[in-house]
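[1] fold the stuff below for me.
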Amino acid sequence: MGRTDYIDDPDAPAINSVVPSVVAIVQDDQGRVLMIHKTDNDKWALPGGGHEPGEAISDTVIREVKEETGYDVEVETITGTYTNPNHRMAYDDGEVRQQFSIAFRARLLGGTPRTSSESSEVEWLTPEQIEQLDVHPSMRLRLQHALSDSERPFIG
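    Now for the predicted structure:
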């Protein structure tokens, strides 16, 4: 299903849905970040996705990383919360979702890289390599906060 992202766009469609979601910032021992190329918006992103009923939010992180990348992770900490009502995602089926995302740092446990219906590529990339990619501004913000030296999570 295709998706169009809007940020601070006065012509963006009205919100009709809010779905808690997660992203995971996973780094290897060389400082590279686990990234995926998304099939819904053709951009590079951190692995993650929607929270499901009956699921602990940390389990959402573990499930989404496994589904989208093939890797197993363990959640370490929250790096930020993102609830900007001016960031809207319009899906082909008519859903217009307000951003509601929690970013987590996670530690790699193992696994074998693979793509999914949501990810056409799975790569370990340096922050410098990521700078050259087509990454949505909201995802860049999550990366910036997670990779900073700040001990406090971003709340916004």
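
[2] drop to CA atoms for contacts and neighbour counts, all remaining ones
    OK.

[3] residues in contact with Asp28?
    Under the criterion of Cα atoms under 8 Å, 6 or more residues apart in numbering, the neighbours of Asp28 are Leu34, Leu108, Trp124.

[4] now the phi/psi pair for it, please.
    phi -90, psi -180 (degrees, to the nearest 10).

[5] roughly how far does Lys38 sit from Leu133?
    Separation of Lys38 from Leu133 (Cα to Cα, to the nearest Å): 12 Å.

[6] intersection of neighbour lists for those two?
    Trp44.

[7] where along the protein do the helices fall?
    Along the chain, the segments classed as helices by DSSP state H run 57-69, 127-131, 137-147.

[8] give me the subset of the contacts of Asp28 that lies in strands.
    Counting by DSSP state E, the part of those found in strands is Leu34, Leu108, Trp124.

[9] who has more neighbours, Lys38 and Leu133?
    Lys38 (22 against 12; other Cα atoms under 10 Å).

[10] need the contact list for the more buried one.
    Lys38 touches Trp44, Ala45, Glu118, Ser119, Ser120, Glu121, counting by Cα under 8 Å, 6+ apart.

[11] ok, how many other residues are close to the first one?
    Right, Trp44. Trp44: 23 neighbours (other Cα under 10 Å).

[12] wait, Leu46 touches Val22, no?
    No. Look at Leu46 against Val22 with Cα atoms under 8 Å: they stay out of range, at 9.4 Å.

[13] among the ones in strands among the contacts of Asp28, the buried ones, what's the ChimeraX command?
    Here is the ChimeraX command that selects the buried residues among the ones in strands among the contacts of Asp28 (16 or more other Cα atoms under 10 Å):
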select :34,108,124
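
[14] can you lay out the ones in strands among the contacts of Asp28 as a markdown table showing distance to Gly156 and pLDDT?
    Formatted as a markdown table, these follow (distance: Cα to Cα, whole Å; pLDDT from 0 to 100):
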| residue | distance to Gly156 | pLDDT |
| --- | --- | --- |
| Leu34 | 24 | 98 |
| Leu108 | 27 | 98 |
| Trp124 | 28 | 98 |
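
[15] and which of the ones in strands among the contacts of Asp28 is nearest Pro85?
    For those, the closest approach to Pro85 (Cα to Cα) belongs to Leu34, at 27.2 Å.

[16] ok, now which ones touch that closest one?
    Contacts of Leu34 were listed using Cα under 8 Å, 6+ apart, and they are Ile25, Val26, Gln27, Asp28, Leu46, Pro47, Val122, Glu123, Trp124, Leu125.

[17] fine by me, we can end here.
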